[in-house]
Structure formats: C-alpha cells, structure tokens
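> Let me see the structure of the following:
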Amino acid sequence: MGRSSLPVENRGDIDLCLFIEPYCEDYWLKPGEALTVRSEAEGIDVWFDTSISKGCITVWLYEDGDPYKIVGDYAVVDANGNRLDSGHQRPQDQRWSAAGPIID
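Model prediction:
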C-alpha cells in the first residue's frame, strides 16, 4: 500500500487557508497555487476528513477512517515536492479564534 495523499488547489481569487487538525497548523495558498497533504506513515490507509468554511479548508487525517486513530506523521508539500512549515505564507495580520483562522 502506498502513501495516501490529498491534493488541494486554490482556484479562487483570494488566499485560501489549509488548516490541519488537531495540530492547528496553517498553510496559505495564493490563487492558482496547489499543495498536497500526504501521510508519511507507511503501510496504513489514511482517510482525509475535510470541512469547508469561508476561505478555509480544514483537514483531519485518520487511519482507516477511524476518528480515534489520528495520523500525526504527515507532511504538506508544494508542487515541487518541497516540504512546508506551518505558517506558510500566513498573512501578517491574521486573526484567530478557538476554531481556527478568522476569515473576513
């Protein structure tokens, strides 16, 4: 079994937040940009649970779709395969709530 991955592309005209739970890690995509969330764990079937809100996609990674088996060994990479750090392209004046970024 290979690695599981989830491609995310911003086809809009404003920045888009990719928010990874439960770690509260954020990665910001410019219009036209694509990133991939991928499992680094070998030999497991990773399911991606996504929710969409204004300007934000929130992703949870679960082993075999079991919400009690959170996958913590993952990476977010750009189109060239470069691993990105949380906060990638985060707007300088970004505001937050307990549920994540506040998108006006």
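
> And for the nearest residue to Ile102 once chain neighbours are set aside, the neighbour number?
For Ile102, ignoring the flanking residues on the chain, the nearest one in space by C-beta to C-beta, 6 or more residues apart in numbering is Arg95 at 4.3 Å. In short, each C-beta sits where N, CA and C put it, glycine included. Using other C-beta atoms under 10 Å, Arg95 has 9 other residues around it.

> and Arg95, how far is that from Gln89?
Arg95 is 16 Å from Gln89, where distance means C-beta to C-beta, to the nearest Å.

> related to what we said a few turns ago, there's contact between the residue nearest to Ile102 and Pro101 in this structure, I believe.
Yes: using C-beta atoms under 8 Å, Arg95 is in contact with Pro101, at 7.4 Å.

> got a pLDDT number for the residue nearest to Ile102?
Note for Arg95: predicted pLDDT of 87.

> before we move on, what about Gly100?
We have a pLDDT of 77 for Gly100.

> now do Trp60
The model's pLDDT for Trp60 equals 94.

> That one and Val37 touch, don't they?
No: using C-beta under 8 Å, Trp60 is not in contact with Val37, being 10.4 Å away.
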